[in-house]
Structure formats: C-alpha cells, structure tokens
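>>> sequence unknown, structure follows:
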C-alpha cells in the first residue's frame, strides 16, 4: 500500500488537516455549555408583587420571636391550673406564695389574676419572677418598658420594686419602683435602663412587694426598644432581616394558624384588635398558646413598616380537626365577618370598621388587592370548599369587585385542570419537596400554564435536603435551618418562577421564622433562626434576598444549551440593568458561554455569589456567617464571553445594557 505522502501531496494534506480541525472546533462550539439571553425582546412584564413573605404562629414566630413582648404567660392564661413561667421569690426571712385567682379577674376578657402573698420580716422583699421565652434578654445601654396591673388587699399600702435580674437573683441589671398600690385595679408603667452590661439571654423579670401583704397582679408586660418605636411593636433585629429582603407583600395570618385545630381556636380577628390587655389569646395549632399581641392591626402595620402590602387570608369555615361550617345559612355569619375584616383593612373612616381601625390608632386605610379564602382546604374530607368558596367569592365581588380572590385548592395540579363554580382570580399552590425535585421543577413547570388565568400564587414553598420531609418528626433531629444544598434547590425553583413571573404573580417561602431553643420549633427547614439576643439567616435566606433585591420589571428569555446551570433574567427598563440569576447544583465549577443578543453591555459587571466548598455548609447561632454572599466585579463580559459559575453556587450577575 503506498504511503500517505505518496497518495496525497503535502499541501493537500495540510489543507485537509486544517479543515478537519476547523470542523472539530465548530462541533465543540456547537455543544459548548451556553446561556442565550435575548436582550432585545422582553417576554412579558414581571409581576410587581413577585417576592413576599408568609407568616404564621409556628416555631414561636410571634410570641418568643418577632413580637417584642418578653414576658411569657403575661395574662396568666397559658395553663388553667398553675401560673407557668412564674415563680415565687422569697428572700431572707420572707415567705412568698403565688396562685391563680379567678375571684379577682382583671376584666371580662382576662378572667384571672395572680395572687401574691408575702409574709415575714418588714423591710424585706418577696414577690414573683418570670423566666421569659428561654430567658429575658439583656443588652447594654438599653431602655425597657415594663407595665403591669395590680390591686392590693386591705392593709398593704406599699409599693412594688420592678427589676431585670440575673437568673441567680443576685445580679441586678436594671430596676425601678412604683408606690401606692391601691385596692382597685390600676396599671403601672416604669422604664428599666441597663448600663454597660454584657449581653445575656439569661435574665428574668421580678416584681417584689416591699412589705408583707397580698397583691393581685394582672397582665404583666416587658418590651425592649421596637421597630419604629411602636408601643406594641416588633423586635428590631428580626425586622431588619425582613426589611432587607425587600418584600412586596405579607401573607397573613397563616397557614394553619388561620384555621386553628377547631372553630373556637381559629384566628378570630375581632378578638385581636384594641387594647392588648383585653386580648385573651387562643391556642395555636402548633402546641402552645398565642397571646394575640400580634393582632390584625399589628400585621397591617408590619406590612406598612416593610413597605409591602397585605395579602389577607380570611377564615372560610374549615378547621384542621375537620370541624367545618356548612355552606349556606350557617356560613353566612363567617362571610359577613370576612367582609367586616376587609372593611377594617381598607375602609375609610366613614365606614363602621374603618372608624374602628381609626380608633385603634390608624385612620389611613391600608392598600388591599388580594384576599385568600381559607387555607389548604384540600385537606377537608367533606369536600365542601367549592360551595364555600363560591359563597365568599360572590359576597366579596359584590362589595369589592376589584379585589382578587385566591382559591386554596388544588395545590399541585396545573391551573388548567382546576374546576370551580366560580373561576378564581388566583390559585394558591404549596410545595414542600426534596432538592432534586425542585431541580426538576425548575426545568419548565410553569411554561404550559394558561396565561389567561387564573394567576398563580405559590403561597408556601421550601425545599429540604434530608431523607425526612418537614412533617416527619424525625426531621426534628436535623438543624432547624437548611444547608447550602437546600438554598441551591430554592434558588433553582425561583429561576423558574422568575422566568414565568407573568403567571406566577406572587410567591413566599414558609416557614419564615424559628426559635432555635430546645422545644422552640415544630417544623424544619426554616428561613431565619434566633434566640433571645442573636439572629441569623440560613443560606436560603440569603439566596431569596439576593433574588428579591435584584429583580427588574421585564422578563428576558433565557435558553439553556447543554448545561445543568439554571438561570433566569430580568431587566429594569428605566436603568437598563439586567439581572442574570445563575444556579450551579454541581460540586464542580461550570463554564458557560453567555450569548447576549440584541444589545451590547458594559464589560464590567457585578457578581453576588453564595457558595461554599461543601453543599452541606450552613449557618447557625454560633456560626451565623459561615455561608453568606460575597460581591465582586467581573470584567470582560460581552456577547460570547465565558463565565465560570462556581461549584455549589447561586450567583446574581448585574449587567448594564448600553
């Protein structure tokens, strides 16, 4: 057989080799992992309410959490038989006895008080102490507001020393005194100011009689400084975490907390407004009593303080233990109650309930565009939701035709499969899925949804990384907040919702808050963890914050080519900024070619990156900053440039179109 050089001249061989390598290069470019972003033709507007928050009383989210109250069992109603979280405090030569006393009620709503009997040496003190929610927090140079109702038996004539002390009773962090306790109920208020003390969660509040005698106490309260200095306000550090997420709405009051285990334990909004000393509270479905200090007006002011709007859920006749109200005449009072509630939120002062809101301290109506009818009614075995939804829908639309009504069922079927007697404006979908399932959902779940409606509200969602779903008690052995792996699943799902932010009009993670003390949680994973003085965000918190802080008003089309990197892109029309979200679920970096068609961009971009060497990395009280975003400048961005997405990473690239 003739040699290669004999059959083909050298020049011809070189030409063919060059052609061969060129074809190979073209083939490689054709399969190069890439993302194509069309900067010329926006797909649709981004929903202006896309990112928000969902809240309910779970994991001590309000009492012992966001709600500023530091006294636990302030109304002495947490236990019918004994004053839990209160103890008698004897001193040398003094005896103190305490007991619940229903013969001396504070008022009609709170029909009990705490009787304190002190005997012993005159000049010594005895009284009571409250241990708070896993301790009373003490911070340096801080002013606390304490208040209590008290009345004395005949012959007392003394005063009460109020103090924040150490758990050992020896350290006095702050103190004040009231005098002249009379035989009639009266409220006393003092300020307690700490000095240059070391922060500690291990303190207690004490009320000490300054001489022997009997005094009844009612509704004892202690507040730290609150957000915007509201007198019945919210914890500042937790509120700052929420404000930093730039939420456009707050879905409240829940969740299962709306329904309650029984009809009597539902969120009965009319019992949550007005003076807090007349709010009896109620049992939460999560195993502890709610004070209702977080009432309807407090929820609305919470929205206002974050710059968001309310998404109001109204009780619709179904409670978790299958107690229900039949559609028709039986349901009519609850429909009227919902109409009254809507009026309280959005009515002007000429209306009955708008005037009541003004008397409660807020004359200006709140904006309201969405009302959710019930919660997760697909769990109801009797299947009456369609009839109940219809009754609420017709009544709400008759009085408030512009309000959009949200249906709570079905949660996991496509909107095109829903059959209602009245077409909902919005359907609320809930998803708690493993990370791998979220990665699959991120590949096109909402592409086929009907753009003619109903709109979609993903009212509860969270991925989890363990073998046990959140409702399995075995998950309680896991950390209360999730790992970076979960944040990657969450971010992947958010890219899908962003790419379809014309039909997915709102979404919110749940649960939002968790008290990490032993016994403080009933569910995981959770977005934000805290104890009495510390707070931290999970990796998922930072992923959501990155997305919600960088979202434009136009959806840009993103096409993936041969890459596992999930992506979405939006543009702010007024500024020309393009926000490109990238999620790499792999344990190694992924290089992707950026095909930026339709407009040139500045070559300098900003990259915010959430990543770690291991996807198991997480944050905690002791290590709150183990996984947090970093910000860098990236140069050389242009059409066809290659960007390396780090392993186990969520990235927000901010580009600017020329």
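Alright, I've got the coordinates. Nothing here was measured: the structure is a model prediction, and the numbers come from that model. Numbers count the residues shown, from 1 in each chain.
>>> so which elements touch the helix or strand harbouring residue 207?
Take DSSP states H and E as the rule and residue 207 turns out to sit in strand 200-209. On a contact count with 3 or more C-beta pairs under 8 Å, 6 or more residues apart in numbering; DSSP states H and E, strand 200-209 meets strand 113-120, strand 126-130, strand 136-138, strand 160-166, strand 213-223. (C-beta placed from N, C-alpha, C; glycine too.)
>>> average pLDDT for the second one?
Taken as a whole, strand 126-130 carries a mean pLDDT of 96.
>>> neighbouring contacts of it?
The set of residues that contact strand 126-130 without belonging to it, under C-beta atoms under 8 Å, 6 or more residues apart in numbering, is 71-73, 85-91, 94-96, 98, 114, 116, 118-120, 136, 160-161, 165, 169, 204-209, 217, 220, 222.
>>> partner strands of it, parallel or antiparallel?
The partner list of strand 126-130 in its sheet, established with DSSP bridges, is strand 86-89 (antiparallel), strand 200-209 (antiparallel).
>>> cool, and the first one?
With DSSP bridges as the criterion, the sheet partners recorded for strand 113-120 are strand 94-101 (antiparallel), strand 213-223 (antiparallel).
>>> lowest average pLDDT across the ones you listed?
Sorting these by mean pLDDT places strand 94-101 lowest, at a mean of 94.
>>> still on that earlier bit, nearest to residue 636, out of the helices and strands packed on strand 200-209?
Closest approach to residue 636 among the helices and strands packed on strand 200-209 (C-beta to C-beta): strand 136-138, 49.1 Å.
>>> check which helices and strands the closest one sits against.
Partner elements for strand 136-138 (3+ C-beta pairs under 8 Å, 6+ apart): strand 200-209.
>>> filter the contacts of strand 126-130 down to the buried ones.
When neighbours are counted using 16 or more other C-beta atoms under 10 Å, those contain these buried positions: 71-73, 85-91, 94, 96, 98, 114, 116, 118, 120, 136, 160-161, 165, 204-209, 217, 220, 222.
>>> can you tell me which residues contact the residue sitting nearest the centre point of the chain?
For the chain, residue 512 is the residue whose C-alpha lies nearest the centre (C-alpha atoms, centre = their mean; 3.2 Å). Residue 512 makes contact with 53-55, 61, 242, 526-528 under the criterion C-beta under 8 Å, 6+ apart.
>>> can I get those in TSV including secondary structure and distance to residue 340?
Output for the contacts of residue 512, formatted as TSV (DSSP: H, G, I helix; E, B strand; the rest coil; distance: C-beta to C-beta, whole Å):
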residue	secondary structure	distance to residue 340
53	strand	25
54	strand	24
55	coil	22
61	coil	26
242	helix	28
526	coil	33
527	coil	32
528	strand	33
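>>> out of those, which is nearest to residue 595?
Proximity of the contacts of residue 512 to residue 595 (C-beta to C-beta) peaks at residue 527, which lies at 34.6 Å.
>>> quick one: residues contacting the closest one.
462, 481, 509, 511-513, 537-538, 540-541, 544.
>>> same check on residue 228?
Contacts for residue 228 (C-beta under 8 Å, 6+ apart) come out as residue 305.
>>> where does it land in three-state SS?
Secondary structure assignment for residue 228 (DSSP: H, G, I helix; E, B strand; the rest coil): helix.
>>> mind checking how far residue 171 is from residue 424?
With distances defined as C-beta to C-beta, to the nearest Å, the gap from residue 171 to residue 424 amounts to 58 Å.
>>> the two: which has the busier surroundings?
Neighbours around residue 171 and residue 424, counted as other C-beta atoms under 10 Å, are more numerous at residue 424. The numbers are 22 against 15.
>>> residue contacts, the more buried one?
Residues near residue 424 by C-beta under 8 Å, 6+ apart: 389, 393, 405-407, 418, 454.
>>> give me the element it is part of.
When secondary structure is defined by DSSP H and E, residue 424 falls outside every helix and strand.
>>> picking up where we left off before, okay if I get the contacts of residue 424 as a markdown table plus secondary structure?
What follows is these, written out as a markdown table (three-state DSSP):
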| residue | secondary structure |
| --- | --- |
| 389 | helix |
| 393 | helix |
| 405 | strand |
| 406 | strand |
| 407 | strand |
| 418 | coil |
| 454 | coil |
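>>> for the buried ones among these, write the corresponding ChimeraX selection.
Below is the selection syntax for ChimeraX that covers the buried ones among the contacts of residue 424, with 16+ other C-beta under 10 Å defining burial:
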select :389,393,405,406,407,454
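>>> what's the lowest-pLDDT member of the contacts of residue 424?
For those, the least confident position by pLDDT is residue 418, scoring 45.
>>> buried stuff in stretch 178-196?
In stretch 178-196, the ones that count as buried by 16+ other C-beta under 10 Å are 178, 181, 185, 188, 190, 192, 194.
>>> out of those, which comes closest to residue 447?
Proximity to residue 447 was ranked across those by C-beta to C-beta; first place goes to residue 194, at 56.8 Å.
>>> closest to residue 317 among the buried residues of stretch 178-196?
Proximity of those to residue 317 was ranked by C-beta to C-beta; the top entry is residue 185 with 38.2 Å.
>>> which residues touch the nearest residue to that closest one once chain neighbours are set aside?
Ranked by C-beta to C-beta, 6 or more residues apart in numbering and with sequence neighbours excluded, the top spatial neighbour of residue 185 is residue 151, at 4.9 Å. Neighbouring residues of residue 151 by C-beta under 8 Å, 6+ apart: 104, 181-186, 215-216.
>>> narrow those residues to those in strands?
Secondary structure from DSSP state E places 186, 215-216 of those in strands.
>>> about what we covered before: just send the strands paired with strand 126-130 back as CSV, with mean pLDDT and distance to residue 369 too.
What follows is the strands paired with strand 126-130, written out as CSV (pLDDT from 0 to 100; distance: least, C-beta to C-beta, whole Å):
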stretch, mean pLDDT, distance to residue 369
strand 86-89, 96, 44
strand 200-209, 96, 40
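>>> any chance of the ones you listed in JSON lines with distance to residue 254 as columns?
Formatted as JSON lines, the entries for the strands paired with strand 126-130 read as follows, by distance: least, C-beta to C-beta, whole Å:
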{"stretch": "strand 86-89", "distance to residue 254": "29"}
{"stretch": "strand 200-209", "distance to residue 254": "27"}
